[in-house]
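>>> My questions are about this predicted structure, shown below with the sequence.
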Amino acid sequence: MINKILDKVGSGGVWLAALSCTACFPALGSLASALGLGFLSHFEGIAVNTLLPLFASLALLVNFYNWYQHRESLRGILSVIGPIAVLLTLYPLWQYDWSTYLFYFGIIWMVVMSILDIVKPIKEPVCKV
(Lines give C-alpha, C1' and ligand atoms only; values in the text may rest on other atoms or scores of the structure.)
Protein backbone atom coordinates (compact mmCIF):
# COMPACT_ATOMS: atom_id res chain seq x y z
CA MET A 1 0.00 0.00 0.00
CA ILE A 2 2.77 2.44 0.89
CA ASN A 3 4.49 1.67 -2.43
CA LYS A 4 1.41 2.72 -4.40
CA ILE A 5 1.19 5.96 -2.45
CA LEU A 6 4.90 6.71 -2.99
CA ASP A 7 4.52 5.98 -6.69
CA LYS A 8 1.66 8.46 -6.94
CA VAL A 9 3.64 11.04 -4.94
CA GLY A 10 6.57 10.62 -7.33
CA SER A 11 4.40 11.01 -10.43
CA GLY A 12 2.47 13.93 -9.00
CA GLY A 13 5.64 15.63 -7.83
CA VAL A 14 7.17 15.38 -11.29
CA TRP A 15 4.06 17.00 -12.76
CA LEU A 16 4.06 19.79 -10.18
CA ALA A 17 7.74 20.51 -10.67
CA ALA A 18 7.36 20.44 -14.46
CA LEU A 19 4.39 22.82 -14.34
CA SER A 20 6.55 25.38 -12.56
CA CYS A 21 9.12 25.53 -15.36
CA THR A 22 7.45 27.72 -17.95
CA ALA A 23 10.66 28.51 -19.86
CA CYS A 24 11.85 24.90 -20.12
CA PHE A 25 8.56 23.29 -21.06
CA PRO A 26 6.28 25.82 -22.80
CA ALA A 27 3.32 23.48 -23.22
CA LEU A 28 3.27 22.77 -19.50
CA GLY A 29 3.75 26.46 -18.75
CA SER A 30 0.61 27.35 -20.64
CA LEU A 31 -1.24 24.51 -18.91
CA ALA A 32 -0.08 25.83 -15.54
CA SER A 33 -1.32 29.31 -16.42
CA ALA A 34 -4.67 27.94 -17.53
CA LEU A 35 -5.00 26.07 -14.24
CA GLY A 36 -4.13 29.17 -12.23
CA LEU A 37 -0.73 27.83 -11.21
CA GLY A 38 1.30 30.61 -12.83
CA PHE A 39 2.75 31.56 -9.44
CA LEU A 40 4.82 28.37 -9.57
CA SER A 41 7.11 29.99 -12.15
CA HIS A 42 8.79 31.89 -9.30
CA PHE A 43 10.15 28.57 -8.06
CA GLU A 44 11.48 27.42 -11.43
CA GLY A 45 15.10 26.96 -10.36
CA ILE A 46 14.25 24.90 -7.30
CA ALA A 47 11.68 22.86 -9.19
CA VAL A 48 13.90 21.88 -12.12
CA ASN A 49 17.20 21.49 -10.29
CA THR A 50 15.96 19.85 -7.10
CA LEU A 51 12.34 18.72 -7.04
CA LEU A 52 12.06 17.23 -10.53
CA PRO A 53 15.04 14.86 -10.18
CA LEU A 54 14.04 14.05 -6.59
CA PHE A 55 10.47 13.03 -7.49
CA ALA A 56 11.55 11.21 -10.66
CA SER A 57 14.14 9.28 -8.65
CA LEU A 58 11.53 8.45 -6.02
CA ALA A 59 9.17 7.13 -8.69
CA LEU A 60 11.99 5.14 -10.28
CA LEU A 61 13.08 3.55 -7.00
CA VAL A 62 9.52 2.65 -6.00
CA ASN A 63 8.83 1.16 -9.42
CA PHE A 64 12.06 -0.86 -9.30
CA TYR A 65 11.11 -2.13 -5.85
CA ASN A 66 7.62 -3.08 -7.03
CA TRP A 67 9.13 -4.80 -10.06
CA TYR A 68 11.43 -6.80 -7.79
CA GLN A 69 8.62 -7.61 -5.35
CA HIS A 70 6.01 -8.75 -7.90
CA ARG A 71 8.31 -10.28 -10.54
CA GLU A 72 6.02 -8.96 -13.29
CA SER A 73 8.49 -8.29 -16.12
CA LEU A 74 6.31 -6.44 -18.63
CA ARG A 75 4.66 -4.19 -16.04
CA GLY A 76 8.03 -3.56 -14.42
CA ILE A 77 9.67 -2.48 -17.65
CA LEU A 78 6.72 -0.28 -18.57
CA SER A 79 6.68 1.36 -15.13
CA VAL A 80 10.34 2.43 -15.16
CA ILE A 81 10.31 3.87 -18.70
CA GLY A 82 8.69 7.17 -17.62
CA PRO A 83 11.04 8.09 -14.76
CA ILE A 84 14.08 7.01 -16.79
CA ALA A 85 12.94 9.21 -19.70
CA VAL A 86 12.52 12.19 -17.35
CA LEU A 87 15.93 11.69 -15.75
CA LEU A 88 17.64 11.20 -19.12
CA THR A 89 16.05 14.41 -20.34
CA LEU A 90 17.26 16.36 -17.32
CA TYR A 91 20.87 15.26 -17.46
CA PRO A 92 22.61 13.72 -20.50
CA LEU A 93 20.07 14.62 -23.20
CA TRP A 94 19.18 18.20 -22.17
CA GLN A 95 21.21 19.75 -24.98
CA TYR A 96 19.19 18.20 -27.80
CA ASP A 97 16.06 19.83 -29.21
CA TRP A 98 14.08 16.57 -29.22
CA SER A 99 14.67 16.02 -25.50
CA THR A 100 11.64 18.14 -24.64
CA TYR A 101 9.44 15.63 -26.44
CA LEU A 102 11.12 12.81 -24.53
CA PHE A 103 10.35 14.67 -21.31
CA TYR A 104 6.69 15.11 -22.24
CA PHE A 105 6.51 11.43 -23.14
CA GLY A 106 8.09 10.50 -19.78
CA ILE A 107 5.67 12.47 -17.62
CA ILE A 108 2.64 11.38 -19.62
CA TRP A 109 3.81 7.77 -19.43
CA MET A 110 4.19 8.06 -15.64
CA VAL A 111 0.58 9.22 -15.38
CA VAL A 112 -0.63 6.44 -17.70
CA MET A 113 1.15 3.81 -15.59
CA SER A 114 -0.20 5.32 -12.36
CA ILE A 115 -3.73 5.16 -13.71
CA LEU A 116 -3.12 1.59 -14.89
CA ASP A 117 -1.97 0.67 -11.37
CA ILE A 118 -5.26 1.99 -10.00
CA VAL A 119 -7.49 0.46 -12.67
CA LYS A 120 -5.72 -2.88 -13.02
CA PRO A 121 -3.42 -3.49 -10.06
CA ILE A 122 -0.96 -6.35 -9.97
CA LYS A 123 -2.37 -9.21 -8.00
CA GLU A 124 -0.46 -10.16 -4.88
CA PRO A 125 1.01 -13.66 -5.02
CA VAL A 126 -0.92 -16.19 -2.98
CA CYS A 127 1.30 -18.13 -0.61
CA LYS A 128 0.16 -21.70 -0.10
CA VAL A 129 1.59 -23.42 2.91
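Nice, I can see it.
>>> so where's the protein shaky on pLDDT?
Counting by pLDDT under 70, the ranges of the chain that qualify are 1, 22-25, 124-129.
>>> At which residues are the helices of it located?
2-19, 26-34, 44-46, 52-70, 73-90, 99-119 (DSSP state H).
>>> JSON lines for these, including mean neighbour count?
Just so you know, the C-beta spots here come from the backbone N, C-alpha and C atoms, and that holds for glycine as well. Compiled in JSON lines, these are given as follows (neighbours: other Cβ atoms under 10 Å):
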{"stretch": "helix 2-19", "mean neighbour count": "19"}
{"stretch": "helix 26-34", "mean neighbour count": "15"}
{"stretch": "helix 44-46", "mean neighbour count": "13"}
{"stretch": "helix 52-70", "mean neighbour count": "19"}
{"stretch": "helix 73-90", "mean neighbour count": "19"}
{"stretch": "helix 99-119", "mean neighbour count": "17"}
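>>> Can you report phi and psi for Ile122?
Here is the backbone geometry of Ile122 (degrees, to the nearest 10): phi -70, psi 130.
>>> Contacts only, for it.
Shown in contact with Ile122 (Cβ atoms under 8 Å, 6 or more residues apart in numbering): 66, 70, 72, 75.
>>> let's see it at 10 Å
Contacts here follow Cβ atoms under 10 Å, 6 or more residues apart in numbering; on that basis Ile122 touches 66-67, 69-72, 75-76, 79, 116.
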